[in-house]
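Undergrad: 3D, please:
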Amino acid sequence: MADDWTYADRRPYVVAASLRDLVGPAHGRIVLPPTVAWTGRREYDLDDPADVRVLYERVIVEASDASDLQRLLDADTLRRLWSDLFLPGRVRTTWEARFPELTTAA
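TA: Below you'll find the predicted structure:
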C-alpha cells in the first residue's frame, strides 16, 4: 500500500490551531513570501475572486508553518470560499476534521 502513495499522500500539511487565528488581509494586494510561493507567481489581488481562490489554495497547500496561515488567510474569507477551493483530498479532510464548520460553510 505505501508503495502506491503519491507525494501528496506523504507530504506534511499545516493546519491552523483555530480559525480565529486566521487574521490575514481580506482586501487589497498581497505578496506571498518565497517559502510559500517557491515556484512562480507571488502577488495576488484579494479583491479579484479568481485570484483569491488561487491564493487560498496555494497558501493552504504550501504553508510551511501555522504562522503562514495566520498572517496570509482571513477566517471569514476561508469560510466563504471553502467549498470552491480545489485542494488535495487529504488536505480537505484534515482541515474539515479539525473544523467541521467548513463542511457547511458557504
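Undergrad: in contact with residue 52, which residues?
TA: The neighbours of residue 52, taking CB atoms under 8 Å, 6 or more residues apart in numbering as the test, are 44, 45, 46, 77, 81. Backbone N, C-alpha and C define where each C-beta goes, glycine included.
Undergrad: just these: which are in helices?
TA: Among the contacts of residue 52, the ones falling in helices (DSSP state H) are 77, 81.
Undergrad: ok, and the most crowded of the contacts of residue 52?
TA: When neighbours are taken as other CB atoms under 10 Å, the top entry among these is residue 44 (23 neighbours).
Undergrad: about what we covered before: CSV for the contacts of residue 52, including pLDDT and distance to residue 88?
TA: Below are the contacts of residue 52 laid out as CSV (pLDDT from 0 to 100; distance: CB to CB, whole Å):
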residue, pLDDT, distance to residue 88
44, 96, 20
45, 97, 25
46, 97, 23
77, 97, 20
81, 96, 16
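Undergrad: which pair of the contacts of residue 52 spans the longest distance?
TA: Spatial extent of these (CB to CB) is set by the pair 45 and 81 at 14.6 Å.
Undergrad: only the buried residues of the longest helix along the chain, if you could.
TA: With DSSP H setting the assignment, residue counts place helix 49-62 as the longest helix in the chain. By neighbour count on 16 or more other CB atoms under 10 Å, the buried set for helix 49-62 is 51, 52, 53, 55, 56, 57, 58, 59, 60, 61, 62.
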